[in-house]
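A.B. asks: Here is my input; please provide its structure:
(one chain, ligands or ions: 1)
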Amino acid sequence: MPVEELEDRVILTDANDSSTKLTILKFGATIISWHHKGQEKLWLSQAAKLDGSKAVRGGIPLVFPIFGKQKDASHPTAKLPQHGFARNNYWEFLGQTKETPSTVQFGLGPEQLDPDTRSKWPFDFTLILTISISQDKLHQHIEVENTGSTPFEFNWLFHTYYRVDDITDVLVNNLVDITCFDQLIAEQYTEKSPVLSFHEEFDRIYKNINQNRTIQIIDKGKVLYNLHRTNLQDSVVWNPWTAKAAGMADFEPKDGFHNMVCVEPGHVSSMVVLPAKQKWSGAQEIEIGGEIKVQANIFE
Ligand code: BG6
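C.D. replies: Prediction:
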């Protein structure tokens, strides 16, 4: 059965391989598991709340309409919680839209928001999330429509938590020469490392990355993932390491940061301005395996 709808989640199975499936919670339309040929690809905290009481710690939470917390108190997103509301409201399951690749859609609009959130962000909008699974690829496409009569501004981010054996063996490539904002020291600089490696807390926003660049996550010389982006100019790279993981109640086990890395494509270094009656869309495709592809020193 390619699509199975349960009360709180949807299970989407690859039409050609029953050992490859996604589990998508209706809460936040959060993918909490990508089981690929019998192996789990996403990291999910053992203490993650899956009952709708808190955004899920792990999987792929969706960040909209604000990344982090808005610093400008006069901005319409100022009253919203960190990372907005898409990850902590129930989305409507819209059903299966394609058999091959197995594809489903979820929708979120003002009618799904809890009254408190609605009062904090009173714009009219529709979000349509399309998720497909096929062989070695997971595809997520988001369309944001402004259905109201005034423009609004937003950020979008696919907050993807990858499961890895040991973070100190992991490299992330093809971000050299990209401007990044290091959230830990609040400074902006040009990335000089041909590959990123991880030995302490890491929290950087890489900005305006040419779409031709494929970010790769590499483990002991082997490509785990190729991250293809459409209309998503930025990418956040994050690992909380010891102290930050210790401070998060829903992060378990406490040394679980060894087994995860977040590489999160989005549009967060500026806000998308969406005029009335207009649509915007962006997508990420995660492709497993392949060769190391070095795209360093490519100046567009
Ligand atoms: C990352 C941010 O995207 O999300 C980090 O860059 C943040 O600064 C992390 O700590 C987790 O955020 P949250 O709200 O899920 O704890």
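A.B. asks: so what's the most centrally placed residue in the chain up against?
C.D. replies: Centroid check for the chain by CA atoms, centre = their mean gives residue 158 as the closest residue, at 1.7 Å. Applying CB atoms under 8 Å, 6 or more residues apart in numbering to residue 158 gives the contacts 60, 62-63, 140, 142, 232, 264-266, 284. In this view, the C-beta of every residue, glycine as well, is placed from N, C-alpha and C.
A.B. asks: Look up how far the ligand lies from the residue nearest to residue 159 when sequence neighbours are not counted.
C.D. replies: Of all residues not flanking residue 159 in the chain, residue 61 sits nearest, at 4.6 Å (CB to CB, 6 or more residues apart in numbering). For residue 61, the distance to the ligand equals 7 Å [CB to the nearest ligand atom, to the nearest Å].
A.B. asks: ok, residue 61 - contacts?
C.D. replies: Residue 61 neighbours (CB under 8 Å, 6+ apart): 28, 30, 55, 83, 87, 159.
A.B. asks: Which two of those residues have the greatest separation?
C.D. replies: Farthest pair in these (CB to CB) is 30 and 83. Separation: 12.0 Å.
A.B. asks: Comparing the two, which shows the higher neighbour count?
C.D. replies: Shown here are residue 30 and residue 83; by other CB atoms under 10 Å, residue 30 has more neighbours (26 against 21).
A.B. asks: beta partners of the more buried one?
C.D. replies: As for beta bridges, residue 30 partners with residue 25 under DSSP bridges.
A.B. asks: Would you mind listing what in this structure touches the ligand?
C.D. replies: Within the chain, the residues that sit near the ligand (CB under 6 Å from any ligand atom) are 82-83, 159, 183, 203, 236, 238, 264.
A.B. asks: Quick check on these: which are buried?
C.D. replies: The neighbour count (16 or more other CB atoms under 10 Å) marks 83, 159, 203, 236, 238, 264 as buried among the residues of the chain next to the ligand.
A.B. asks: The residues you listed: which two are farthest apart?
C.D. replies: The most widely separated members of those are 83 and 203, with 13.5 Å between them, by CB to CB.
A.B. asks: what's across from the residue nearest to the centre of the chain in the sheet?
C.D. replies: Bridge pairing for residue 158 - DSSP bridges - gives residue 62.
A.B. asks: rewinding a little: quick one: which of the residues of the chain next to the ligand is nearest to residue 254?
C.D. replies: Comparing the residues of the chain next to the ligand against residue 254 with CB to CB places residue 238 closest, at 16.8 Å.
A.B. asks: isn't that closest one right next to residue 264, touching?
C.D. replies: Yes - between residue 238 and residue 264 there is a contact under CB atoms under 8 Å: 7.0 Å.
A.B. asks: Taking the stretch 51-200 of the chain, what residue is nearest to the ligand?
C.D. replies: Closest residue of the stretch 51-200 of the chain to the ligand, CB to the nearest ligand atom: residue 82 (4.4 Å).
A.B. asks: what ranges do the strands span in the stretch 101-250 of the chain?
C.D. replies: For the stretch 101-250 of the chain, the strands defined by DSSP state E, counting those that start in this stretch cover 102-108, 125-134, 137-146, 152-158, 161-163, 170-173, 179-182, 187-190, 195-196, 202-206, 215-219, 222-230, 234-239.
A.B. asks: pLDDT weak spots in this structure?
C.D. replies: Scanning the chain for pLDDT under 70 picks out the ranges 1, 297-300.
A.B. asks: Contacts for stretch 273-287, please.
C.D. replies: Contacts for stretch 273-287 (CB under 8 Å, 6+ apart): 136-154, 156, 158, 160, 225-232, 265-267, 272.
A.B. asks: ugh, typo on my part, it should be stretch 110-127
C.D. replies: Counting by CB under 8 Å, 6+ apart, 64-65, 76-77, 79-80, 85-86, 89-92, 107-109, 142-150, 152 sit against stretch 110-127.
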